[in-house]
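Enquirer: Sequence isn't available, so here's the structure alone:
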């Protein structure tokens, strides 16, 4: 059975998205319910896979990863999908891989130290994976919006 998120769950999620370290008692005060009720609701949302864990967000630039690039990947043939994904998983610079519609099979997000590093990953790693026909690179000049998913109001 699918978990039904209500308005209180949405409020809890909005607090947790903004600050995963916020004490449950503080959320409880804002929601007008007990701390135990917050714990129960969060546990139910974890069990229903609405949320999973909490994590720290490490800023790539703090690690010297100054280049963010998106790579469109075209496959030789569609049946090579799984073998290509296995190879992509081995590349530490890839932070996201999306199977997409349109001209490309995959859209990759990479983080690299500099342009030379990006070029090395493209030429010596990505383009050597069997099954990849071609790639197209898009270098991000600036990230304008960065945010976590917040619960939208319930559709009426």
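Expert: Noted; the coordinates are in hand. If you're wondering where the values come from, they're calculated on a predicted model, not measured in any experiment.

Enquirer: So in this protein, where's the weakest helix or strand by average pLDDT?
Expert: Lowest by mean pLDDT, DSSP states H and E among the helices and strands of the chain is helix 7-18, with a mean of 92.

Enquirer: give me the number of residues near residue 71?
Expert: Here the number of neighbours of residue 71 (other CB atoms under 10 Å) works out to 24. The C-beta positions use only the backbone N, C-alpha and C, and glycine is treated the same way.

Enquirer: So it versus residue 121, what's the distance?
Expert: Between residue 71 and residue 121 the distance is 9 Å, computed by CB to CB, to the nearest Å.

Enquirer: shared neighbours of these two, which are they?
Expert: residue 110 (CB atoms under 8 Å, 6 or more residues apart in numbering).

Enquirer: where along the protein do the helices fall?
Expert: With helices called from DSSP state H, the chain shows them at 7-18, 24-31, 35-47, 81-88, 115-124.

Enquirer: Counting neighbours, what do you get for the closest residue to residue 60 other than its chain neighbours?
Expert: Nearest residue to residue 60, sequence neighbours excluded (CB to CB, 6 or more residues apart in numbering): residue 111, at 4.8 Å. Residues near residue 111, counting by other CB under 10 Å, number 21.

Enquirer: Perfect, that will be all.
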